[in-house]
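Chemist: my questions are about this predicted structure, shown below with the sequence.
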Amino acid sequence: MSRFRNICLVLAMLLVFSFAKSSFAKPIEIEWWHAMRGARGETVQKIVDGFNNSQSDYKVVAVYKGEYDEVLNAGIAAVRARKQPHIIQVFEVGTQTMMMSGAIYPVYKLMEDYGYKIDWSRYLQPVLSYYVNEDNKLMSMPFNSSTPVMFYNVDMFEKAGVGRLSKDKPITWDELGEITKKITAMGVKGGMVTAWQSWTQVENYSAIHDLPFATKANGYEGLDTELAINNDKIVNHIATLKKWMDDGNRFFYGGQKYQGPKSEFIAQNAGVYIDSVGAIAKLQSSVKDFKWDAAPLPVESWMSEPQNSIIGGASLWVFAGKSKKEYKGVAAFLKYLASTDVQVLWHKETGYFPITLDAYEKLKKDGYYDEYPYQEVGIKQLTRRNPTKNSRGIRLGYFVQIRNIINEELELVWSGKKTAKEAMDSAVERGNIKLREFEKTFK
Amino acid sequence: MLRKRSYFKSKTLAYFLVMPQILITATFFYWPAIRGLVASFMRSDPFGLRSTFVWFDNYINLFKDPLYLKSIVITLVFSGSVALLSISAGLFLASMANRALKFTALTRTLLIWPYAIAPAISGILWLFLLHPSYGVVAIWVNRVFGLEWNPLLDSRHAMLMVVLASSWKNISYNFVFFMAGLQAIPKSLIEAAAMDGASPFRRFWTITFPLLSPTMFFVTVMTIIFSFFESFGVIHAVTQGGPGGSTNILVYKVYQDGFIGLNLGSSSAQSVVLMLLIVFITILQFKFVERKVQYTG
């Protein structure tokens, strides 16, 4: 009988406690869908935990929803079902889609509405400029930003008598041509490889040389934009790369993404490897048998004052249709994300840029870049000049498909089926069809 | 003669009993198909906040696009090659395994295994063999034979690679059915022919092969449907439709335009065309091939 009484007692206590617990105010949940996996995902969780432990009103729940395109699709499906998260991470090429969607709460407005006065001039301008609207107002919060740089095999360079390159002053493409000649002459399989060819060789090449990628200020000033990548300078650059390719493999193709080119560099089949600064972490962990370093992307000899390069990566968008209480939490969280400590942690652990000048200056002061000088190459290249209309970013509808088209056409050049001029003309023509389709959708 | 038949007087019960099946089919098949059909006549933004009815615009644009027509040709070449390779290899392996004297069960089990591997994984496996930068076989072949094996740039190499990767998986599936078909053939027929002095090849060609024709027919239809749809995973893992769009089969283009590019109207129109194409091919097969199939055995 006493046993029965004990059980009753336990049950009664449980009941009391559960009531007691529910009488406490529950923190408001803020959902954040992202595409950061592995080590980056762990850092995201660390940041979120930091926010959740710093206060008790809100609880941010970070959910990994797959690759970038999968996250965006999940977001779209959620909006259609009216079950959207508060915050969603969208890659840079999806910027126009999000901006035109009518489903978002612009970040500048959110921060204003909830009383945060933010001095946007203390942010890295080339990062912000990718995500501002036509009135220069910030539509989404930059989160992970990178830019392409040039990695090279120091041992090979020294053997070829080139030595280390400067981390501020870019070499010219002609000089790179000479270097690749020397490297292949030493019996190395190839001179140079590049990852993400459209991003590094067309988009960033245009920005650095202050060439328009598309009309209407790269699409910032209207949906009736047209591609402009069949200009002489880009055609010439592509033709040069093709010439290198035919001349003893001084440039060779390792695939559209990064896996192929990266493995060629690690296997020492190529002396030069152009990729995002995001590759640093991989190189640190997998290169064991040679020394490597980073340098800014090469610049043509006629370009005396090279512009900033443009970013890749993703930003955080806030969806419309939530309650004021929740938005208050979202604003607090975004504010927290931009804080110096979080930005320093983010940069150190992932290699993505800090988005505020305060964080950048703190890293400099703490001597982080003395220890890892190659981490600063990208950020210096990105901030070396104020962005122009051609170098602040690219704002195109169906940009993912346009990139695909450029990739396809470049492949036709590399395989000798088209000349550089033919391929770029065709890329423009095909890309413009996509741009017109997108324009019609929003008429 | 007295016949005993039990039947239900009311039809309600019958409808009630098939209800779950109808509901499932309607929810997971008819509803999405109808939505796709409707979407193919609309031009809408990704979030579905603005939609305009555009009649056949999406279809007209498709057939005006030379790349779409090219994609149809690529798909036919791809499916034809996969069907040819996986059916002939499946048949060959099955007739060999049917005669195996030792380790019969083990051989058969091992030959069925690849079917259990997801298409994407099989794609990755083949990539580790044939990628010019890190593929074990590719590096070896290039070094030993001095070949310029480069599926990243050479469209024929790329096509060969995806055909191999897709067929490999499908060989097992075909193998199972051919195996079952072979075992259903009475031994006495073959023994009688052998006694009459027919060579093994002649026995196979005049007895086994005709008697296998129902299986052959089934396997052909299934392989073609497989290569139209299921090969998505392989393409996605191996070439992403490249180089220069040379392995961009229809189903992959649907995914690229719809899922990646968020052009839902065009993507839906493509799915409808794809569906019509597969219906057409299957009808052709039933009309012209099935006549020659002998079901008696």
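Modeler: Now that the structure is in, tell me what you want to look at. Residues are numbered from 1 along each chain as shown, chains lettered A, B, ... in the order given.

Chemist: helices along the stretch 301-443 of chain A, start to end?
Modeler: Assigned by DSSP state H, counting those that start in this stretch, the helices in the stretch 301-443 of chain A fall at A:324-337, A:340-350, A:357-365, A:368-371, A:375-383, A:399-414, A:420-441.

Chemist: let's have these in JSON lines, adding mean pLDDT and mean neighbour count.
Modeler: Using the backbone N, CA and C atoms, a C-beta is placed for each residue, glycine as well. Listed next are the helices of the stretch 301-443 of chain A as JSON lines, based on pLDDT from 0 to 100; neighbours: other C-beta atoms under 10 Å in any protein chain shown:
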{"stretch": "helix A:324-337", "mean pLDDT": "95", "mean neighbour count": "18"}
{"stretch": "helix A:340-350", "mean pLDDT": "93", "mean neighbour count": "18"}
{"stretch": "helix A:357-365", "mean pLDDT": "95", "mean neighbour count": "17"}
{"stretch": "helix A:368-371", "mean pLDDT": "94", "mean neighbour count": "13"}
{"stretch": "helix A:375-383", "mean pLDDT": "94", "mean neighbour count": "22"}
{"stretch": "helix A:399-414", "mean pLDDT": "92", "mean neighbour count": "24"}
{"stretch": "helix A:420-441", "mean pLDDT": "93", "mean neighbour count": "19"}
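
Chemist: which stretch among the ones you listed comes nearest chain B?
Modeler: Minimum separation from chain B across the helices of the stretch 301-443 of chain A (C-beta to the nearest C-beta) falls at helix A:399-414, 4.2 Å.

Chemist: check which helices and strands that closest one sits against.
Modeler: The contact analysis (3 or more C-beta pairs under 8 Å, 6 or more residues apart in numbering or on different chains; DSSP states H and E) places helix A:399-414 against helix A:197, helix A:232-246, helix A:420-441.

Chemist: save the ones you listed as CSV, and put in distance to chain B too.
Modeler: CSV is the format used below for those (distance: least, C-beta to the nearest C-beta, whole Å):
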stretch, distance to chain B
helix A:197, 11
helix A:232-246, 10
helix A:420-441, 5
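
Chemist: which of the ones you listed sits closest to A:K83?
Modeler: Nearest to A:K83 among the helices and strands packed on helix A:399-414 is helix A:420-441 (23.8 Å), distances taken as C-beta to C-beta.

Chemist: can you give me the end-to-end span of stretch B:44-60?
Modeler: By C-alpha to C-alpha, to the nearest Å, the extent of stretch B:44-60 from end to end equals 16 Å.

Chemist: does chain A sit close to that stretch?
Modeler: Yes - using C-beta under 8 Å from any C-beta of the partner chain, stretch B:44-60 comes into contact with chain A via B:44-50.

Chemist: so of the residues you listed, which ones are in strands?
Modeler: Mapping these onto strands (DSSP state E) picks out B:S44.

Chemist: can you say which of the residues of stretch B:44-60 next to chain A are buried?
Modeler: B:44-48 (16 or more other C-beta atoms under 10 Å in any protein chain shown).

Chemist: would you point out the most distant pair within the residues of stretch B:44-60 next to chain A?
Modeler: Using C-beta to C-beta, these span at most 10.1 Å, a distance reached by B:P46 and B:R50.

Chemist: sorry, back to before: which one among the buried ones among the residues of stretch B:44-60 next to chain A gets closest to A:K159?
Modeler: Among those, and counting by C-beta to C-beta, the member closest to A:K159 is B:P46, at 51.6 Å.

Chemist: need phi/psi at the closest one.
Modeler: When read as degrees, to the nearest 10, the backbone of B:P46 gives phi -60, psi -40.

Chemist: that one against A:S101, yeah?
Modeler: Yes - the pair formed by B:P46 and A:S101 meets the contact definition of C-beta atoms under 8 Å, at 7.0 Å.

Chemist: now the helices of the stretch 301-443 of chain A as JSON lines including distance to A:I274?
Modeler: Compiled in JSON lines, the helices of the stretch 301-443 of chain A are given as follows (distance: least, C-beta to C-beta, whole Å):
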{"stretch": "helix A:324-337", "distance to A:I274": "30"}
{"stretch": "helix A:340-350", "distance to A:I274": "20"}
{"stretch": "helix A:357-365", "distance to A:I274": "23"}
{"stretch": "helix A:368-371", "distance to A:I274": "21"}
{"stretch": "helix A:375-383", "distance to A:I274": "12"}
{"stretch": "helix A:399-414", "distance to A:I274": "14"}
{"stretch": "helix A:420-441", "distance to A:I274": "18"}
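
Chemist: which helix or strand contains residue 165?
Modeler: This is for chain A. Remark: A:L165 resides in no helix or strand, with elements defined by DSSP states H and E.

Chemist: other chain: chain B
Modeler: Residue-wise, B:A165 maps onto helix B:155-183 under DSSP H and E.
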